[in-house]
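Asks: Next input, structure requested:
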Amino acid sequence: MEDPDASSGTFVHWVLWNIPPKTTSIKKGEIIAYPQGKTGSWKQGYVAPCPPSGSHRYYFHLYALDITLPLKPGADKKELEKAMTGHIIADTQLFGKYTRK
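Replies: Next up, the predicted model:
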């Protein structure tokens, strides 16, 4: 999940991988058992949207791969993208908008 409208450039809010193919949702409060990577704040796990003002766009990118990635928890977005190279069989994205009033 990333926010391209952040003042310092695209901010990564969440990086996770090796989600089982039969997973159809991740519920609020669910304990995440999949490996998670570093965010734009260099913390591991989910960082909630909190723009200082106005509206920000948030993109969730989802990839179907032909392998289970051998990355260790704590990898960043660039490491994940490198590990996925040549293994993406399908991809999609979900877009959301959050407005702080």
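
Asks: what kind of secondary structure is residue 82 in?
Replies: Remark: residue 82 carries the secondary structure label helix [criterion: DSSP: H, G, I helix; E, B strand; the rest coil].

Asks: what are the ranges of the helices in this protein?
Replies: Remark: helices assigned in the chain by DSSP state H are 77-84.

Asks: Going by residue numbers, what spans are strands in it?
Replies: With DSSP state E as the criterion, the chain has strands at 2-3, 11-12, 54-65, 88-100.

Asks: Using TSV, lay out those strands together with distance to residue 46.
Replies: Every residue, glycine included, has its C-beta placed from N, CA and C. Below are these laid out as TSV (distance: least, CB to CB, whole Å):
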stretch	distance to residue 46
strand 2-3	12
strand 11-12	11
strand 54-65	12
strand 88-100	14
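
Asks: what about these, which gets the closest to residue 79?
Replies: Residue 79 lies closest to strand 11-12 among the strands of the chain, at 11.8 Å (CB to CB).

Asks: so how far is that closest one off the chain centroid?
Replies: Here strand 11-12 is found 9 Å from its chain centre; the criterion is CA atoms, centre = their mean, to the nearest Å.

Asks: Thanks again, I'm all set now.
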